[in-house]
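Visitor: From the sequence below, what's the structure:
(2 chains)
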Amino acid sequence: MRFAVLGGGPSGLYFALLAKKANPSDEVLVVERNPPDATFGWGVVFSEETLGALRDADYETYTEIGDSFARWNAIDIYYRETKIRSRGHVFTGISRKVLLNILQRRCRALGVRLEFEREVRDVGEFEGADLIVGADGINGLVRRTYGEFFKPVVVTHPTKYVWFGSDMPLDAFTFIFRRNDAGLFQVHAYPFDAHTCTFIVECPEDAWRRAGLESASEADSIAYCEALFQPELRSSRLMSNRSLWVNFATLRQESWHHGNVVLLGDAAHTAHFSIGSGTKLAMEDSIGLIDALRRHRDLAAALNDYEMERQPVVERFQEAALESSSYFEHVSRYAQFDPRQFAFNLLTRSRRITYVNLTQRDPELVRTIDSWFAAAAAGSPDSALRLSPPPMFAPFRIGELTLPNRVTVAAGPDLETLARLGAGLVITEFVSVTEDGRITPETPVIDRTTQGKLKSSVERIHEAGSRVALLLGHAGRRGSMRPRSQGVDRPLLHGGWRLMAASPIAYTPHAVLPKEMTARDVAHLVKVFALAAKAAAGCGFDALELNFAHGYLVAGFISPLTNLRTDEYGGSLENRMRFPLAVLDLVRTTWERALMVRISASDWASGGIELDEAVAIAALLKAHGCDLVHVAMGQTIWEGRPDYRRLFGVPASDRIRNEAGIPTLAGGNITTADDANTILAAGRADLCMLELAAIG
Amino acid sequence: MNIGVGLPTSTSGISGELMLEWAKRADAGPFSSLGVVDRVAYQNYEPFTSLAAAAAVTRRVRLATMVVIAPLRNTAILAKQAASLDALSDGRLILGLAVGARGEDYQASGIDSRGRGRRFGEQLETIRDIWEEGKIGPTPKSPGPHLLVGGSSGEALARMARYADGYMHGGGPPRAFAGAAAKALTAWSDIGRPGRPRLWGMGYFALGDGTADAGAKYLRHYYAFTGPFAEKIAAGNLTAPGAIADFIRGYEDAGCDELVLFPTVSGIEQIDRLAEVVG
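Guide: Okay, here's the model as predicted:
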């Protein structure tokens, strides 16, 4: 076979040498536009797993690479004048230049033809090749030539970053966070030999502008960053190598091959530098492609197989990389965190490391975090005990109420069945403030007839050691539906009742059209909520949760999709929040215990509430006496665009908690204790709602 | 977990005789259900007609559409067909519905594929009402056919949670099923539905010497509309008893309630070979 490889980076060279080694009679050509000793970037990082793959693929280069490696096992986090070290993470790094030299030598020894300083203008120059390998990077010729078949999607990230080298002596993967007048800057640095490290500086674009870096020369940028990070650099210097400030681009492509053309590494996919996986993925691609070619005689089958094996792996890394990059883009939101929580949040940012993983890697750090968390939860951070429960079993205080643990469950009609589950907080099913505020004929109403039953359920739950919150709401346009055992939002055919809502829009195509509420209706409903709260106190509930979510009556006022009013209750956010806040205010005067409010942090529909507005809503709720926001999503309209992925409510909870500064309850496909401990320890929520299907 | 078998309605060289014989053997064998697929612009047999034929020669197995592309059909006629088949088969119909993924089926039917999701939602909102009201008969066996909804989008899962009895997964390795099942359970509880959805899965098989290539060829053809993805589906064809056993175990571990295995080659011996592996 004749192979033409475009691009003499690690993936191109590694593929070439593996191909030639597998079949010495094959012709393998590598074409590179730069000279052999030119290199951009400083060092690259590998994991143990990758090293194993390199060992199996080519032992000779593996030994050479291994001899040149820098190895370390710690992550240092510099934040607010504190340094936290986390151990147990195995990293290896190598100079990109050394790596390329090893691969070039091995290629030559095996008989691969290397053509440097050759600029290819047309893939057609390789017409005679049986397989054309595009290893020429994200902007490479091969990818551009066959773009219509690869179907690329490129996402440009909002932060600016620059690659420097430094002679700073490091023995850890190092993150440095430094705030100055321009904004928050962060460093990702890692060693790759005894005296050199890669030193990446990243910052928000507006900070970059304010710092005057937009028009700065390379030397000016170096001077600026050296001054900024002088406390850590000390006498060390930064070095440049075509170091320009750029935005990272994440590349995804539907397909990585077309006919006899196939892509490797950055030409096929990219993943944000903050998880340091670019070269690792690229070289694993080379191995994957060689293995697929070995398995199949048919080229098309081999290229398919390569793609099938590699795409899921790469997608997982890309997802983790997106989580990681998003963390760094919004890191200033965590500026008030205790350094221990800040460190845990940073280490678990991409979801590849969870509470359990971190416990295996660095039990001491997790013990420190558990102790701090439990002590802070008890209100005395200085009295931390060496032995403390994991975060989900730490108590939580809302006002005078102390929950025995951080786990919350949602009850159905039979409230008491959940009493023995051990959750810190049980939230009742939807209980209506009035008869016509019911969702279905089975929805309970808080009135004289139900209070006795509720009271005895509450007592039973207390006896089992849990606390219980009453979920109070009014169905609005989602009322007059059939019992939910027959389906949700199915209008009653007979025996329905009249509905009211912010605006006269039916919830489903066949649902009853609600009446638009008058100012008198609004005033009346405010009083009704307050009366219901009073009744709840009589039943002994520990907390009250007002349902301002999921398209029910109050939610209908909050979302611009369902509130078309032109009076003082419609239009601006201030107007749309007028009725909800009036309810909250009056309830607050009659209800002295913990008060929670459930909101839909996203309407999951275009033109509706998104997270930015949800943060503003949460801030208003906080200002009006709400103690905790239960972050729900969607159901504002019948045809939304939900997203039920794992932990889907957590990003919204994270933003609301840490931008509006109010405790949150997060739910949404949270199924394991490990998930809950990770979310809580990282400060993304204060309580977690676990899926009953997973624990019930 | 129950195990069903697909009725060969879309593989090449099918005859009515073969289909009836296949259905009889399924009824006599270790299978809980007989599944059919739905396409318009393809050389397959129409799903309700095929299941009606199967109903006539079977007594026990349940009859499952996996899935019927609902927006291609008038809702009243769809409800009537389903009610008829359910009544004729003594309540054995499992009605799986979805929007389908192939533009050419919409084109061939002269139906706009835009807005199909919303139309499907409206169909789901009304179909049970039609069965219950009784204006459009016959009356299906109470409470009407077991209704499943397929599709991987959030919208599809929300529709499933609102209106259906369970979720119909579109196929893939057990890990893919497990991820989809977790989302289906979440959608169900998130929307406030009590209980939990029934979870259905599907797979493809071809057993016996020389059938693997023919099976892969069929899948490449059937899924040609997915582009390069067709190769991946073809590669997932189960062609060895061990692979089928692993697949079944994987689905069972992932919480599947009913797994239906579809033939990718047409011979009657295929169902016997599968029965040997499953039984």
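Visitor: contacts, neighbours, all on C-alpha from now
Guide: Will do.
Visitor: Which positions in the stretch 401-550 of chain A make contact with chain B?
Guide: Residues of the stretch 401-550 of chain A lying close to chain B by CA under 8 Å from any CA of the partner chain are A:412, A:484-490, A:509-510.
Visitor: Could I get those residues in JSON lines, plus columns for neighbour count and pLDDT?
Guide: What follows is these, written out as JSON lines (neighbours: other CA atoms under 10 Å in any protein chain shown; pLDDT from 0 to 100):
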{"residue": "A:G412", "neighbour count": "17", "pLDDT": "82"}
{"residue": "A:R484", "neighbour count": "21", "pLDDT": "96"}
{"residue": "A:S485", "neighbour count": "12", "pLDDT": "94"}
{"residue": "A:Q486", "neighbour count": "17", "pLDDT": "94"}
{"residue": "A:G487", "neighbour count": "23", "pLDDT": "96"}
{"residue": "A:V488", "neighbour count": "25", "pLDDT": "97"}
{"residue": "A:D489", "neighbour count": "26", "pLDDT": "97"}
{"residue": "A:R490", "neighbour count": "25", "pLDDT": "97"}
{"residue": "A:P509", "neighbour count": "16", "pLDDT": "96"}
{"residue": "A:H510", "neighbour count": "14", "pLDDT": "94"}
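Visitor: Just flag the most distant two among these.
Guide: A:G412 and A:P509 (27.3 Å; CA to CA).
Visitor: Restrict stretch A:147-155 to CA atoms and write it as CSV.
Guide: Extracted in CSV, the C-alpha atoms of stretch A:147-155 (Å, rounded to 0.1, in the frame of the first residue of the first chain):
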residue,chain,number,x,y,z
GLY,A,147,-15.4,19.7,4.6
GLU,A,148,-18.8,19.0,3.0
PHE,A,149,-18.4,15.2,3.8
PHE,A,150,-17.0,15.7,7.3
LYS,A,151,-19.7,18.2,8.2
PRO,A,152,-17.6,20.2,10.8
VAL,A,153,-19.1,22.2,13.6
VAL,A,154,-16.7,24.7,15.2
VAL,A,155,-17.4,26.4,18.5
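Visitor: Show me the contact partners of it.
Guide: A:143, A:249-258 (CA atoms under 8 Å, 6 or more residues apart in numbering or on different chains).
Visitor: mind running it again at 10 Å?
Guide: Residues outside stretch A:147-155 that contact it (CA atoms under 10 Å, 6 or more residues apart in numbering or on different chains): A:138, A:141, A:143-144, A:146, A:248-259, A:262-263, A:268-270, B:228.
Visitor: now swap in stretch B:18-25 and tell me
Guide: B:5-9, B:16-17, B:26-29, B:31, B:33-34, B:50-51, B:53-61, B:266-272, B:275.
Visitor: which ones among those residues are found in strands?
Guide: Among those, the ones falling in strands (DSSP state E) are B:5-6, B:33-34.
Visitor: Which single one of those is nearest to chain A?
Guide: Nearest to chain A out of the ones in strands among the contacts of stretch B:18-25 is B:S33 (CA to the nearest CA; 24.1 Å).
Visitor: that older thread, tell me which of the contacts of stretch A:147-155 fall in strands.
Guide: Per DSSP E, the contacts of stretch A:147-155 map to strands at A:249-253, A:257-258, A:262-263.
Visitor: Export the residues you listed as TSV, with columns for distance to A:V112, pLDDT and neighbour count.
Guide: Formatted as TSV, the ones in strands among the contacts of stretch A:147-155 follow (distance: CA to CA, whole Å; pLDDT from 0 to 100; neighbours: other CA atoms under 10 Å in any protein chain shown):
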residue	distance to A:V112	pLDDT	neighbour count
A:A249	32	96	18
A:T250	32	96	20
A:L251	30	97	19
A:R252	30	96	23
A:Q253	29	95	19
A:H257	23	95	25
A:H258	24	94	18
A:V262	19	97	25
A:L263	19	97	30
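Visitor: mind listing the helices in the stretch 51-200 of chain A by residue range?
Guide: A:59-68, A:96-110, A:141-145, A:147-150 (DSSP state H, counting those that start in this stretch).
Visitor: now those as TSV including mean neighbour count, distance to A:P35 and mean pLDDT?
Guide: Converted to TSV, the helices of the stretch 51-200 of chain A look like this (neighbours: other CA atoms under 10 Å in any protein chain shown; distance: least, CA to CA, whole Å; pLDDT from 0 to 100):
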stretch	mean neighbour count	distance to A:P35	mean pLDDT
helix A:59-68	16	21	90
helix A:96-110	19	12	95
helix A:141-145	20	18	94
helix A:147-150	16	27	93
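Visitor: among those, which is nearest A:R386?
Guide: Using CA to CA, the nearest of the helices of the stretch 51-200 of chain A to A:R386 is helix A:59-68, at 39.4 Å.
Visitor: which other residues reach the closest one?
Guide: With CA under 10 Å, 6+ apart as the criterion, helix A:59-68 contacts A:14, A:17, A:51-56, A:69, A:92-95, A:98-99, A:102-103, A:105-106, A:192-194.
Visitor: Disregarding residues adjacent in the polypeptide, which is nearest to whichever residue of the stretch 451-600 of chain A sits closest to chain B?
Guide: Across the stretch 451-600 of chain A, no residue is closer to chain B than A:V488, which sits at 4.5 Å (CA to the nearest CA). Computed as CA to CA, 6 or more residues apart in numbering or on different chains, the closest residue to A:V488 that is not its neighbour in sequence is B:R162, at 4.5 Å.
Visitor: Give me the three-state assignment for that neighbour.
Guide: State at B:R162, reduced to three classes by DSSP: H, G, I helix; E, B strand; the rest coil: helix.
Visitor: Check B:T126 too.
Guide: helix.
Visitor: Wait, it touches A:L493, no?
Guide: No - using CA atoms under 10 Å, B:T126 makes no contact with A:L493, being 11.0 Å away.
Visitor: who's more crowded, the two?
Guide: Set B:T126 next to A:L493 and count neighbours by other CA atoms under 10 Å in any protein chain shown: B:T126 wins out with 19 against 12.
Visitor: can you pull the pLDDT of the more buried one?
Guide: Confidence at B:T126, expressed as pLDDT, is 95.
Visitor: How about the contacts made by it?
Guide: Going by CA under 10 Å, 6+ apart, the list of residues near B:T126 reads A:490-491, A:509-510, B:75-76, B:79, B:132, B:163.
Visitor: next one: A:V615
Guide: A:601, A:621, A:652-653, A:655-662 are the contacts of A:V615 under CA under 10 Å, 6+ apart.
Visitor: What residues sit buried inside the helix or strand harbouring it?
Guide: Here A:V615 sits within helix A:611-623, counting by DSSP states H and E. Buried residues in helix A:611-623, counting neighbours by 16 or more other CA atoms under 10 Å in any protein chain shown, are found at A:611, A:613-615, A:617-622.
Visitor: got those residues as a markdown table, with pLDDT columns?
Guide: Listed next are the buried residues of helix A:611-623 as a markdown table, based on pLDDT from 0 to 100:
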| residue | pLDDT |
| --- | --- |
| A:L611 | 95 |
| A:E613 | 97 |
| A:A614 | 98 |
| A:V615 | 98 |
| A:I617 | 98 |
| A:A618 | 98 |
| A:A619 | 98 |
| A:L620 | 98 |
| A:L621 | 98 |
| A:K622 | 98 |
